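Participant: Sequence plus the predicted model coming up.
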Amino acid sequence: MSGYASVAELLALSDRLDLPLWKTVQTVDCAGGNMTAEESFAAMKNLLSVMRSADKNYDPAQRSVSGLSGGDGGKMDAYIASGRSIAGPLVGRMIAAALRMGECNACMKRIVAAPTAGACGVLPAVLIPCGEALALPEDALVEALYVAAGIGEVIAQRASISGAESGCQAEIGSASAMAAAAVVHLRGGTKEQMANAAALALKSLLGLVCDPVGGLVEVPCIKRNVIGAVNALTAAEMSLAGIESRIPPDEVIDAMREVGDTMPAALRETAQGGLAATPTAQNRLEEMV
Amino acid sequence: MSVFDILGPVMVGPSSSHTAGAVRMGQITRRLVGGEPVRARILLAGSFASTGAGHGTPRALVAGLMGFMPDDERIPRSFEIAGERGLSFSFGTVVLRDAHPNSALITAENQRGERVEVGASSPGGGRIRVFSLDGLPVSFSGEVPTLIVRSEDRPGYVSRVTGVIAAQGINMSKLRVERQERGGRAIMVIECDQRIPYKVKMAISAIEGVSKVTRLNPGEESK
């Protein structure tokens, strides 16, 4: 079976096979014969369980080698527990989960690159709290990961999922688009709404540069996982409300590629521009050396 | 592309190129020297040299030399574990011309005193590419079954090596031979479509002039 090079082709294939979007993604992936559908589902379920254990094993006392990160997930957890959160428990839990996962990554704990290590907090921070809020079975979350992966495959083929190539929009932006489509699946939306949610999410993060302080996956990467997660939820909510992206998903992805192609090298993971070039960043680096 | 190229790998953070890829570089060096490495000199280049410390790159490389996988939670403690296991190591920096920014040059020695020098790069996603072996240019990733044969350059030895592979019904997808000079040291890198069994390694090792044979089978990296 041939794959898909666009979101439009993925939707058309899903129609032709008369399969849900997640099952279409899985069927195409297994067509090469490397794995059966059951093996693939078990492998995907394992990724979800790695995400869950990373979240559970978060240690608020741990700090990264550079000393730049750690502890913020704990602060957010305490704030949510105090009941003073304005956004409420779901969004509060998403913020905390994104910080926790990003900090786990910075502190050399085991994570799932989704699609990259720097953006590893977005999908779990959306899926796990939303799954709990909707009281969904584990398998629904596994299916949602296939939806996310299908969108991610198209982005990786048509554009990029690498910050060094296309800036942070390709990492946090892609993860957010993937997560937005996944949330629509969790809520039982249509495949068109999933694709539309991905477009809405990605549009809002177009142009985001990759400017890590000292070239490390810490500042501002960890906190950008938060905006990626929350942006995914708002995009999914808009899509489920029937609000459409005026620009179709494939054209948004192509626009991201073009923005990435014209982005100066200083803003593509070289630590030479943006936040990495601020006086405070430079001073912190001197202290570290 | 697979869905598991988008979701995954499972790895110890913080960076697929600077941490997970660095583990793979250590692993492949371990396989190329053979046996248990007891000494290693690791030279970091480019971005590995400038940002490696904050990414845990040195610890990841040492973890790989001990055969750890990229998702092994002992990676942050690899220096201490290496001390317990009797692997001594040191680090330096090097400028490599025409190499990818994420590169290292690793010299490792095993308990029999055999040495290997591996130049490798980690372009992203945890994938790596070996670009030099004992000073000769090579190019392989270990993502497909790969045989690396080190020998003297003698007439007919290429056909004897490939004859062993053909006799096992294994299909070769890529073959590259590099030599230092006529009659000097030579390295043959053969990528195959099927898993390479132990008996192929043994049969090739028995060929006159062959000094060392390494087989890399995906999924067996930690051996």
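Facilitator: Nice, I can see it.

Participant: for stretch A:8-15, the distance to its chain's centre please.
Facilitator: With C-alpha atoms, centre = their mean, to the nearest Å as the basis, stretch A:8-15 stands 22 Å off its chain's centre.

Participant: in that stretch, what counts as buried?
Facilitator: Of the residues in stretch A:8-15, A:10-11, A:13-14 count as buried by neighbour count, 16 or more other C-beta atoms under 10 Å in any protein chain shown. For glycine as for every other residue, the C-beta is placed from the backbone atoms N, C-alpha and C.

Participant: Same question for stretch B:90-100.
Facilitator: Here stretch B:90-100 shows B:91, B:94, B:96, B:99-100 as buried, counting by 16+ other C-beta under 10 Å.

Participant: In chain A, what residue lies closest to chain B?
Facilitator: residue A:105 (3.3 Å; C-beta to the nearest C-beta).

Participant: Residue A:152 contacts residue A:115, correct?
Facilitator: Yes: if you go by C-beta atoms under 8 Å, residue A:152 and residue A:115 touch, sitting 5.0 Å apart.

Participant: what sits in contact with each of the two?
Facilitator: Common neighbours of residue A:152 and residue A:115 are listed as A:161, A:174, A:178, B:6-7 (criterion: C-beta atoms under 8 Å, 6 or more residues apart in numbering or on different chains).

Participant: re earlier: relative to residue B:73, which of the buried residues of stretch A:8-15 is nearest.
Facilitator: Residue B:73 has its nearest neighbour among the buried residues of stretch A:8-15 in residue A:10, at 36.0 Å by C-beta to C-beta.

Participant: tell me the contacts of the closest one?
Facilitator: Listed by C-beta under 8 Å, 6+ apart, the contact set of residue A:10 reads A:4, A:21, A:24-25, A:150, A:154, A:195.

Participant: Over to residue A:232?
Facilitator: Applying C-beta under 8 Å, 6+ apart, we find residue A:232 in contact with A:122, A:126, A:175-180, A:182-183, A:197, A:201.

Participant: re earlier: mind putting the shared contacts of residue A:152 and residue A:115 into a markdown table with pLDDT, neighbour count and secondary structure?
Facilitator: Output for the shared contacts of residue A:152 and residue A:115, formatted as a markdown table (pLDDT from 0 to 100; neighbours: other C-beta atoms under 10 Å in any protein chain shown; DSSP: H, G, I helix; E, B strand; the rest coil):
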| residue | pLDDT | neighbour count | secondary structure |
| --- | --- | --- | --- |
| A:161 | 93 | 26 | coil |
| A:174 | 98 | 35 | helix |
| A:178 | 98 | 34 | helix |
| B:6 | 94 | 26 | helix |
| B:7 | 96 | 25 | coil |
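
Participant: So which of the contacts of residue A:232 wins on neighbours?
Facilitator: residue A:122 (38 neighbours; other C-beta atoms under 10 Å in any protein chain shown).

Participant: you'd agree that one is up against residue A:114?
Facilitator: Yes: taking C-beta under 8 Å as the definition, residue A:122 is a contact partner of residue A:114 at 7.0 Å.

Participant: Would you mind grabbing the residues shared as contacts by those two?
Facilitator: Common neighbours of residue A:122 and residue A:114, using C-beta under 8 Å, 6+ apart, are A:175, A:178.

Participant: which residues of the stretch 1-150 of chain A fall in helices?
Facilitator: Here the stretch 1-150 of chain A has its helices, by DSSP state H, counting those that start in this stretch, at A:7-17, A:21-30, A:37-56, A:72-81, A:89-106, A:122-133, A:138-158.

Participant: burial of residue A:185, as a residue count?
Facilitator: Residues lying near residue A:185 (other C-beta under 10 Å) number 26.

Participant: Which element, helix or strand, includes it?
Facilitator: Take DSSP states H and E as the rule and residue A:185 turns out to sit in helix A:172-186.

Participant: ok now the helix or strand just after that helix, how far from the chain's centre?
Facilitator: The helix or strand immediately downstream of helix A:172-186 is helix A:191-205, counting by DSSP H and E. On the basis of C-alpha atoms, centre = their mean, helix A:191-205 sits 13 Å off its chain's mean C-alpha point.

Participant: orientation of helix A:191-205 relative to helix A:138-158 in degrees?
Facilitator: Interaxial angle, helix A:191-205 versus helix A:138-158 (axes from the mean of the first three to the mean of the last three C-alpha atoms, to 10 degrees): 60 degrees.

Participant: Helix A:191-205 close to chain B?
Facilitator: No: using C-beta under 8 Å from any C-beta of the partner chain, helix A:191-205 never reaches chain B; the gap is at least 13.1 Å.

Participant: Tell me the buried residues in that helix?
Facilitator: For helix A:191-205, the buried set under the neighbour-count rule, 16+ other C-beta under 10 Å, comprises A:191, A:193-205.

Participant: Dump those residues into a markdown table; add pLDDT and distance to residue B:180 as well.
Facilitator: Output for those, formatted as a markdown table (pLDDT from 0 to 100; distance: C-beta to C-beta, whole Å):
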| residue | pLDDT | distance to residue B:180 |
| --- | --- | --- |
| A:191 | 98 | 59 |
| A:193 | 98 | 62 |
| A:194 | 98 | 57 |
| A:195 | 98 | 56 |
| A:196 | 98 | 60 |
| A:197 | 98 | 58 |
| A:198 | 98 | 53 |
| A:199 | 98 | 56 |
| A:200 | 98 | 59 |
| A:201 | 98 | 55 |
| A:202 | 98 | 51 |
| A:203 | 98 | 56 |
| A:204 | 98 | 57 |
| A:205 | 98 | 52 |
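
Participant: Among these, which one sits closest to residue A:288?
Facilitator: For the buried residues of helix A:191-205, the closest approach to residue A:288 (C-beta to C-beta) belongs to residue A:205, at 29.2 Å.

Participant: any idea which residue sits dead centre in chain B?
Facilitator: Nearest to the mean C-alpha position of chain B, counting by C-alpha atoms, centre = their mean, stands residue B:28 at 2.6 Å.

Participant: Hmm, that residue is touching residue B:120, no?
Facilitator: Yes: using C-beta under 8 Å, residue B:28 is in contact with residue B:120, at 6.7 Å.
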